[in-house]
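Novice: Model the structure of this input:
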Amino acid sequence: MFKGNTNIAIYLVGVIIMFGVLLVFARDFVPFVFSGFNTVDKWSRLPNPSFSLDTKLNYKAELETNLGTVVIDLFEENSPKNVNNFVYLANLGYYNSTLVHRVIPNLLFQGGDRNSVDSDLSNDGRGFPGYFTEDEINWESILIGESKKKELEGLGFKSDTDIVSEKLDRYSVAMANDGADTNGSQFFIVTASFDDARIDYLNGRFTVIGKIFSGFDIIDKINKVELNSTDPNNPRPIINIIINKVRIVTSQK
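Specialist: Just a heads-up that it's a prediction; the model follows:
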């Protein structure tokens, strides 16, 4: 009788020890189980990517949407850090199932926010991956005037003379930000022409990472989509425009 109870007690102690060991290991591998896992939590605590672009390759991004596929020619030489970040997030699947959450007709539309995957519309446009990538803009390349340089410097922006920048133009793709050096995951595609005064205002503030290579008809469809918001700063499409996935395609230079 006592021997049997002793064996049971030893067995229970062993189970408790084993469970404790498993908890220690599991804590490092499934941290979100203990904090109430949700999609946004997972994607908002990513490590800052190491630089991994191959300088011998050209990079393109295929944005597969529910309206069709758009291909972006990425400017890996003009904005290497930001293209590296975009490629990193795309390869992780960060952009999968995200929405185009903001459309300003004949100016731009914006996407790339993981917050747009959930049902809470109020947080769309506020998400980021947990780190920032610094701006890559050479003001001399895009002919920024002296008065505007002073204005931008007062806002914390600076010119990067180590690169050659491209001006924003129709079908340009650029990183959205909330001020100097706050590039995260969100990006916008320009639908206005280069001579639009609003584009002149945007130049010098946003890092251009590429330009639309194909799928112009899809861009025009998104530009003309019906909106359901009266807020001029955050007009939303009346239908969901979904970025199903982003594939990175490379070729030899």
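
Novice: CA only for contacts and neighbour counts going forward, please
Specialist: OK.

Novice: Can you show me the helices along the stretch 101-250 of the chain?
Specialist: For the stretch 101-250 of the chain, the helices defined by DSSP state H, counting those that start in this stretch occupy 146-154, 197-202, 216-223.

Novice: Considering those helices, which stretch scores lowest in mean pLDDT?
Specialist: Ranked by mean pLDDT, the helices of the stretch 101-250 of the chain bottom out at helix 197-202, which scores a mean of 93.

Novice: between the helices of the stretch 101-250 of the chain, which gets nearest to Ser97?
Specialist: Ser97 sits nearest to helix 216-223 of all these, at 16.4 Å, using C-alpha to C-alpha.

Novice: Can you tell me which helices and strands that closest one packs against?
Specialist: strand 68-74, strand 102-104, strand 108-111 (3 or more C-alpha pairs under 8 Å, 6 or more residues apart in numbering; DSSP states H and E).

Novice: Can you add distance to Pro80 and give those strands back as a markdown table?
Specialist: Formatted as a markdown table, the helices and strands packed on helix 216-223 follow (distance: least, C-alpha to C-alpha, whole Å):
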| stretch | distance to Pro80 |
| --- | --- |
| strand 68-74 | 9 |
| strand 102-104 | 26 |
| strand 108-111 | 20 |
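
Novice: mind putting those strands in JSON lines, mean neighbour count included?
Specialist: Listed next are the helices and strands packed on helix 216-223 as JSON lines, based on neighbours: other C-alpha atoms under 10 Å:
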{"stretch": "strand 68-74", "mean neighbour count": "20"}
{"stretch": "strand 102-104", "mean neighbour count": "23"}
{"stretch": "strand 108-111", "mean neighbour count": "23"}
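
Novice: The ones you listed: which one's closest to Glu166?
Specialist: Of all those, strand 68-74 comes closest under C-alpha to C-alpha, at 11.6 Å.

Novice: would you put the C-alpha positions of that closest one in PDB?
Specialist: C-alpha atoms of strand 68-74 as PDB (Å, rounded to 0.1, in the frame of the first residue of the first chain):
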ATOM      1  CA  GLY A  68      -5.700  41.700 -60.400                       C
ATOM      2  CA  THR A  69      -2.000  41.700 -60.200                       C
ATOM      3  CA  VAL A  70       0.300  44.800 -60.200                       C
ATOM      4  CA  VAL A  71       4.000  44.600 -60.700                       C
ATOM      5  CA  ILE A  72       6.400  47.100 -59.100                       C
ATOM      6  CA  ASP A  73       9.900  47.700 -60.400                       C
ATOM      7  CA  LEU A  74      11.800  48.200 -57.100                       C
END
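
Novice: Need the residues that contact it.
Specialist: Residues from elsewhere that reach strand 68-74 (C-alpha atoms under 8 Å, 6 or more residues apart in numbering): 58-64, 83, 173, 209-216, 218-219.
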